[in-house]
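> just coords:
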């Protein structure tokens, strides 16, 4: 496989990831319960995949559900560095018994992944 084809395949993968993130964010925003939560703990977890291991930090968030029930859930996004701190307030979406990050910056990130990948794919197809 030549380099142009390889780059097009990689770009297509990132384009698919961007579309996946945008679609699922739309569904969570439309059907989930948007609220604010407070980080009560950072939980470090080891992940094993293929031939590599990684250590990710997941914030444990305390918030109130639609029925005013106090809940604690692990945020579904982990980071290799502790991005959140204990006591920090953040916007979340509670959907299918899981907590997801919410807010304009997350939407911007998802759209950036998609648009940059789309631009790279168009440029690669133009010069191919």
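Good, I have the coordinates. Owing to the predicted nature of the structure, the values given are computational and were not obtained by experimental measurement. Residues are numbered from 1 along each chain as shown.
> ranges for the helices of the chain?
3-31, 104-127 (DSSP state H).
> in CSV: these, plus mean pLDDT, mean neighbour count and distance to residue 95.
To be clear about C-beta, it is placed using only N, CA and C from the backbone, and glycine gets the same treatment. What follows is the helices of the chain, written out as CSV (pLDDT from 0 to 100; neighbours: other Cβ atoms under 10 Å; distance: least, Cβ to Cβ, whole Å):
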stretch, mean pLDDT, mean neighbour count, distance to residue 95
helix 3-31, 94, 14, 4
helix 104-127, 93, 14, 14
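> so which residue is smack in the middle of this protein?
The residue lying closest to the centre of the chain (Cα atoms, centre = their mean) is residue 77, at 5.5 Å.
> and residue 72, which of the helices of the chain is closest to it?
helix 3-31 (18.9 Å; Cβ to Cβ).
> so the closest one versus helix 104-127, what angle?
Computed by axes from the mean of the first three to the mean of the last three Cα atoms, to 10 degrees, the angle separating helix 3-31 from helix 104-127 equals 150 degrees.
> if we can go back for a sec, just send the helices of the chain back as CSV, with distance to residue 51 too.
Shown next, in CSV, are the helices of the chain (distance: least, Cβ to Cβ, whole Å):
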stretch, distance to residue 51
helix 3-31, 19
helix 104-127, 25
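> and for residue 60, the neighbour number?
By other Cβ atoms under 10 Å, the residues close to residue 60 number 18.
> show me what contacts it?
Residues near residue 60 by Cβ atoms under 8 Å, 6 or more residues apart in numbering: 39, 40, 41, 42, 43, 72, 73, 74, 75.
> residues contacting the second one?
I take that to be residue 40. 60, 61, 62, 72, 86, 87.
> got a ChimeraX select line for the buried ones in these?
Applying 16 or more other Cβ atoms under 10 Å to the contacts of residue 40, the buried members can be selected in ChimeraX as follows:
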select :60,61
